[in-house]
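S.K.: need the 3D shape of this:
(one chain, ligands or ions: 3)
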Amino acid sequence: MRISQQTIDLHNEKLFSSHKRKFDFIAAEIPHVESIIQKLIAFNVAIPSWALGTGGTRFGRFPGGGEPRSLEEKIDDVGLLHALNQSSGAISLHIPWDIPHDYQSILQHAASLGIRFDAVNSNTFQDQSDQQFSYKFGSLQHVDKHVRKQAIAHNKEVINHGIELGSKALTVWLSDGSSFPGQLNFRKAFQHTLESLQEIYSALPADWKIFVEYKAFEPNFYSMTVGDWGQSLLYANKLGPKAFSLVDLGHHLPNANIEQIVALLLMEGKLAGFHFNDSKYGDDDLTVGSIKPYQLFLIFNELVEGMDARGLNHATDLGWMIDASHNVKDPLEDLLQSVEAIMLAYAQALMVDRKKLNHAQASNDVVSAQELLQDTFRTDLRSVVAEARIRAGGALDPIRFYREHGIRQSLINERGANNKATGL
Ligand code: RM4
Ligand code: MN
Ligand code: MN
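M.R.: Numbers count the residues shown, from 1 in each chain. Ligands and ions are numbered 1, 2, ... in the order given. Below you'll find the model as predicted:
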């Protein structure tokens, strides 16, 4: 199913006067509101192909119906999101969960919905039925070079799929590590992983990047071979200028200061970008902004400051992706909420008065610095985000539109109630 511009316009007309009151009020308070709106319009967040179906835990999974049955239908779902919010114009594919067969028709299909292909992801954390060697004891780190070779070949294959689709980056997340003391020689595991990554790196086209994603624990519970930003940065530095560290918000030990990590990776020119999600305990993969919205704002505050200091283009120079799982919500509603939370945090960060903050910092005025950030965070910018969205052609209230138009029910009618999308 597709959403017509006409139905979006009708929806917007109905809600416009109430929106305008809120927007005019806040716009009068922000002198550079127009430039914030332009930046919001340019900003897009890629949707993960592996999270368009219902997620689950190791205890169970409760599908909601109408899940996409093919890569084409996943692209359709991203098309629906993008039509509603005009900020989800990209999809990030996970191979082999989503192997593209007919590149031309997939490219055409995606283009007709305004969707491009973001980073491609490899998977050496699961065994596939047709593979020769098992990843039970790791992939790029493995003690047996045959296993490493197989994992390297898989990554090269993923790059090749990405080249056909116009992707410009490979994201490598490894579950490699150990679950018990003594199981691994840490130095050898690191060196094997580095050598394997070097071989993958050498297969990258000139204009590609490789994103090295770290994670503190799970599925290995004693050590992870790319366990934190320090290790990821070591690999990225040793690999070369096309290698960067990817921050997944759920991949840190509790209470880590992620905004500081972000600031320093940016300073080193080694920040790849993000897998956005939120969490209370571990890699919970919850809706972005649902648990720690202030942290999200502080991260964006560092991002805007650091990107501007390096003269980066906010919209295109880093990778912006969601990596979440939807266990109890409709995945599409959940993704709309996540994108909205990201846009809001970005808008707030754009609003921060940098001059005043610099001044407060330079004069050790701790109170003013805190007041300034909290004052910004407590300013309701939802109508500014909505204004950007409608100017770009999206819906004033995407979730309301989605519900009023019975989109999930149409998807169930079209695709059935019991199919299971590939992915998490
Ligand atoms: C991992 C990690 C990766 C994602 C897999 C599915 O925890 O976040 O980015 O590809 O999950
Ligand atoms: Mn991730
Ligand atoms: Mn994760």
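
S.K.: tell me the phi and psi of His359?
M.R.: With angles defined as degrees, to the nearest 10, His359 sits at phi -60, psi -50.

S.K.: number the chain from 477, please
M.R.: OK, 477 is where the count begins now, so the last one is His835.

S.K.: quick one: contacts for it?
M.R.: Taking C-beta atoms under 8 Å, 6 or more residues apart in numbering, we find His835 in contact with Asp841. Backbone N, C-alpha and C define where each C-beta goes, glycine included.

S.K.: name the nearest residue to the residue in the stretch 527-676 of the chain positioned nearest to ligand 2, ignoring sequence neighbours.
M.R.: Closest to ligand 2 within the stretch 527-676 of the chain is Trp649: 5.7 Å, counting by C-beta to the ion. Leaving aside its chain neighbours, Trp649 sits nearest to Glu689 (4.0 Å; criterion: C-beta to C-beta, 6 or more residues apart in numbering).

S.K.: do I have it right that that neighbour meets Phe750?
M.R.: No - between Glu689 and Phe750 there is no contact under C-beta atoms under 8 Å: 10.1 Å.

S.K.: so between these two, which is more surrounded?
M.R.: Between Glu689 and Phe750, counted using other C-beta atoms under 10 Å, the more crowded position is Phe750 (25 against 20).

S.K.: is the more buried one in a bridge, and if so with what?
M.R.: Following DSSP bridges, Phe750 is listed with bridge partners Val723, Trp796.

S.K.: how much space between it and Lys685?
M.R.: 14 Å (C-beta to C-beta, to the nearest Å).

S.K.: returning to what we had before: need the contact list for the residue nearest to Trp649.
M.R.: Glu689 makes contacts with 647-649, 702, 708, 721-722, 724, 727, 751, as judged by C-beta under 8 Å, 6+ apart.

S.K.: could you rerun that using 6 Å?
M.R.: 647, 649, 722, 724 (C-beta atoms under 6 Å, 6 or more residues apart in numbering).

S.K.: name the nearest residue to Leu794, ignoring sequence neighbours.
M.R.: Nearest one to Leu794, counting by C-beta to C-beta, 6+ apart, is Gly749 at 4.0 Å.

S.K.: please apply the same query to Leu715.
M.R.: Tyr677 (5.0 Å).

S.K.: tell me the mean pLDDT for the one helix or strand the one you found maps to?
M.R.: In this assignment (DSSP states H and E), Tyr677 forms part of helix 662-678. Mean pLDDT, computed over helix 662-678, is 99.

S.K.: who are the packing partners of it?
M.R.: helix 621-641, helix 705-715 (3 or more C-beta pairs under 6 Å, 6 or more residues apart in numbering; DSSP states H and E).

S.K.: just the pLDDT for Lys896.
M.R.: The model's pLDDT for Lys896 equals 88.

S.K.: output the contacts of Glu689 as a markdown table; include the columns pLDDT.
M.R.: Output for the contacts of Glu689, formatted as a markdown table (pLDDT from 0 to 100):
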| residue | pLDDT |
| --- | --- |
| Thr647 | 99 |
| Trp649 | 98 |
| Leu722 | 99 |
| Asp724 | 98 |
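
S.K.: Ala785: which of these is nearest?
M.R.: Leu722 (20.5 Å; C-beta to C-beta).

S.K.: so what's that closest one up against?
M.R.: Going by C-beta under 6 Å, 6+ apart, Leu722 touches 687, 689, 748.

S.K.: and ligand 1, which of the residues you listed reach it?
M.R.: Contacts with ligand 1 within these, counted by C-beta under 6 Å from any ligand atom: Glu689.

S.K.: just send the helices and strands packed on helix 662-678 back as TSV, with mean neighbour count too.
M.R.: Formatted as TSV, the helices and strands packed on helix 662-678 follow (neighbours: other C-beta atoms under 10 Å):
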stretch	mean neighbour count
helix 621-641	19
helix 705-715	19
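
S.K.: hey, what's the residue of the stretch 477-626 of the chain found nearest ligand 1 bridged with?
M.R.: Taking C-beta to the nearest ligand atom as the measure, the stretch 477-626 of the chain has Asn597 as its residue closest to ligand 1, at 5.1 Å. Note on Asn597: beta-bridge partners by DSSP bridges are His570, Thr647.

S.K.: test my guess that it contacts Thr647.
M.R.: Yes - taking C-beta atoms under 6 Å as the definition, Asn597 is a contact partner of Thr647 at 4.7 Å.

S.K.: mutual contacts of those two, please.
M.R.: Residues touching both Asn597 and Thr647 (C-beta under 6 Å, 6+ apart): none.

S.K.: just give the number of residues close to the residue in the stretch 777-900 of the chain that ligand 2 sits nearest to.
M.R.: Residue nearest to ligand 2 within the stretch 777-900 of the chain (C-beta to the ion): Asp799, separated by 3.7 Å. Number of residues near Asp799 (other C-beta under 10 Å) recorded here: 28.

S.K.: assign a three-state SS to the closest residue to Tyr757 other than its chain neighbours, would you?
M.R.: Counting by C-beta to C-beta, 6+ apart, Pro730 is the residue found nearest to Tyr757 once chain neighbours are left out, at 7.2 Å. Under DSSP: H, G, I helix; E, B strand; the rest coil, the three-state class of Pro730 is coil.

S.K.: can you report how many residues neighbour Pro730?
M.R.: 9.

S.K.: and the residue of the chain most remote from its centre, what pLDDT?
M.R.: For the chain, the residue at maximal distance from the C-alpha centroid (C-alpha atoms, centre = their mean) is Ser839, at 36.6 Å. Turning to Ser839, the model gives it a pLDDT of 98.

S.K.: with Leu900 instead?
M.R.: On the pLDDT scale, Leu900 gets 79.

S.K.: separation between it and ligand 1?
M.R.: Going from Leu900 to ligand 1 by C-beta to the nearest ligand atom, to the nearest Å gives 6 Å.

S.K.: same thing with Leu729?
M.R.: Taking C-beta to the nearest ligand atom, one finds Leu729 at 15 Å from ligand 1.

S.K.: ok, that residue touching Ala692?
M.R.: Yes - the criterion here is C-beta under 6 Å, and Leu729 meets it with Ala692 at 5.0 Å.

S.K.: got phi/psi on the residue nearest to Trp649?
M.R.: Glu689 adopts backbone torsions of phi -90, psi 130, taken as degrees, to the nearest 10.

S.K.: what do you get for the one 5 residues further on?
M.R.: Dihedral pair for Glu694: phi 80, psi 120, per degrees, to the nearest 10.
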